[in-house]
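**Student:** here is a sequence with its predicted model. Questions after.
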Amino acid sequence: MTPLGNILAFDLGTSSVRALVLDAHAVPVPGALARRKQSPTVDDDGAATLDAQAYLAALIECVDELHAAGRLDGVTHVAASAQWHSILPLDAAGKPLGPVLAWLDTRPRAPETATGPADEAAFHHRTGAWWHPLYWTVRIPWLRERSGTAPAAFTGLGEYVWSALLGEGPISVSQASGAGVLDLSAQTWDAEALSLAGAREKELPTLAGPGWRGRLRAEYAGRWPALAKAEWAAPYGDGAASNVGSGAGDASRAAITVGTSAAVRVAQEVPAGAPMPPLPSQLWRYRLDHTRIVTGRAYSGGGNLFAWAQRALLLPEGDALDAALDEIVPGRVGVWADPRFGGDRPPGMTPPGEGRLGGLGLTTTGPQILAALMDGVCAQIATDLAVLESTVGRAVDVRLGGGAVAASAWWRRAFASALAPRRVEAVENPEVGAVGAAMILLADHPNG
């Protein structure tokens, strides 16, 4: 195994691709960051897709930028945090047959003749997921129905990128669990989930075993000689990596992350083969790695609500907006909001467009509406955090991170108010996903 040096870490997100270099302790190297924005194609029917080849090109541009600046020297390992739930149909040659369905895409529906799991509660406990349009159990049959060419295989966005760069793209148990087709305890593809998806194991990515590492194909090793011998770990799920990067890698702390969307999660030690702890019906559960699970709830509304309000209400920016929000007391805004503008994440089935605002009057201001949206997200999360705490048997501290809350002092105060009396600490590092992925890799390295 290669001795530890610097780590190249990626965050393969919905709105951007980011690449940064960290030292052997997962501390970012100053100035060693490259990013490229991404814009999912969305429409009123619920579509939210990404162009896989354009996404790959953006990642390559990031690495080219770091290479040109000499930032890749000394890199020995590569890790990535990648969006959960994405899926891409492939032809027999491994080429995309269409765009990537991102987690935001709400169009998939189960075939009319399908009946779902034989025992929904047992299926949920075993896989941590539901028979729901977010997961491959519904997405694979839906994609088959709409493909002009019958797909030969299905993969995730991160696995597609890795396959292009390395020549192989196995899937980590973290990413596989987010697809909703993994037996969490056995860490194998779940037989009932495969049956629901109408898929065979050979049509899915190979599961990466503990300690799996890949290396660049010759084409890219020549392009980036500093990475020629670097060891690449299979991408981890973004939510799991964010927990670790936020300092919430065990059951003593919950991580609340507000980026484009929002989520609350708690990690626990549960090795392969061990029985799963009880799982409340409204929570999902995935694997963080081969020895830990992560349980939580996710929401479609987060920083995208902030961005919508800025755009639609023509709000002031910077200090002017901060000053206007300072006049508003969290929890006592005078306006209320149902923040499900983008619909529900599982197990909910509410479609996009169900957001609500109430209590509006002729004196209502734009900053009040924005505050109501932020308060609404806080209230959702506070309710589910109480349920989440029941799975670990105690109240937990909270690590609050993500670009959206990092940009809004008012939102941080609103979370502290909604979650009191818990201790709420803000995470200053905006790159918790990439840093968390590097930390998971380090934990798996004998010299980490």
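**Tutor:** Nice, thanks for sending it over. Residues are numbered from 1 along each chain as shown.
**Student:** helices of the stretch 151-300 of the chain, residue ranges please.
**Tutor:** When assigned using DSSP state H, counting those that start in this stretch, the helices of the stretch 151-300 of the chain occupy the ranges 157-166, 173-178, 191-197, 218-223, 238-245.
**Student:** which SS state does the nearest residue to residue 425 once chain neighbours are set aside fall under?
**Tutor:** Distances taken as CB to CB, 6 or more residues apart in numbering put residue 399 closest to residue 425, at 5.7 Å, once the chain neighbours are dropped. In short, each C-beta sits where N, CA and C put it, glycine included. Assigned by DSSP: H, G, I helix; E, B strand; the rest coil, the conformation of residue 399 is strand.
**Student:** show me what residue 399 is bridged to.
**Tutor:** Taking DSSP bridges as the rule, residue 399 bridges to residue 255, residue 425.
**Student:** my read: it touches residue 253, true?
**Tutor:** Yes: in this structure, residue 399 sits in contact with residue 253. The criterion is CB atoms under 8 Å, and the distance is 5.4 Å.
**Student:** list residues touching both of these two?
**Tutor:** With contacts defined as CB atoms under 8 Å, 6 or more residues apart in numbering, the residues shared by residue 399 and residue 253 are 246, 247.
**Student:** give me the more crowded residue out of these two.
**Tutor:** A direct count of neighbours by other CB atoms under 10 Å for residue 399 and residue 253 places residue 399 higher, at 23 against 19.
**Student:** next one: that one from residue 273, what distance?
**Tutor:** The span separating residue 399 from residue 273 equals 29 Å under the rule CB to CB, to the nearest Å.
**Student:** wouldn't residue 367 be in contact with residue 315 here?
**Tutor:** Yes: Residue 367 lies in contact with residue 315 (CB under 8 Å); the separation is 6.6 Å.
**Student:** which one of those two has more residues nearby?
**Tutor:** Using other CB under 10 Å as the criterion, residue 367 and residue 315 rank with residue 367 on top: 23 against 18.
**Student:** how far away is the more buried one from residue 316?
**Tutor:** Between residue 367 and residue 316 the distance, using CB to CB, works out to 8 Å.
**Student:** overlap of the contact sets of the two?
**Tutor:** Taking CB under 8 Å, 6+ apart as the contact rule, the neighbours common to residue 367 and residue 316 are residue 324.
**Student:** list the buried residues for the least confident helix or strand in the chain by mean pLDDT?
**Tutor:** Counting by mean pLDDT, DSSP states H and E, the chain has its least confident helix or strand at helix 403-406, which shows a mean of 88. For helix 403-406, the buried set under the neighbour-count rule, 16 or more other CB atoms under 10 Å, comprises 403, 404, 405, 406.
**Student:** who are the packing partners of it?
**Tutor:** Taking 3 or more CB pairs under 8 Å, 6 or more residues apart in numbering; DSSP states H and E as contact, the helices and strands that helix 403-406 lies on are strand 253-258, helix 303-312, helix 409-419.
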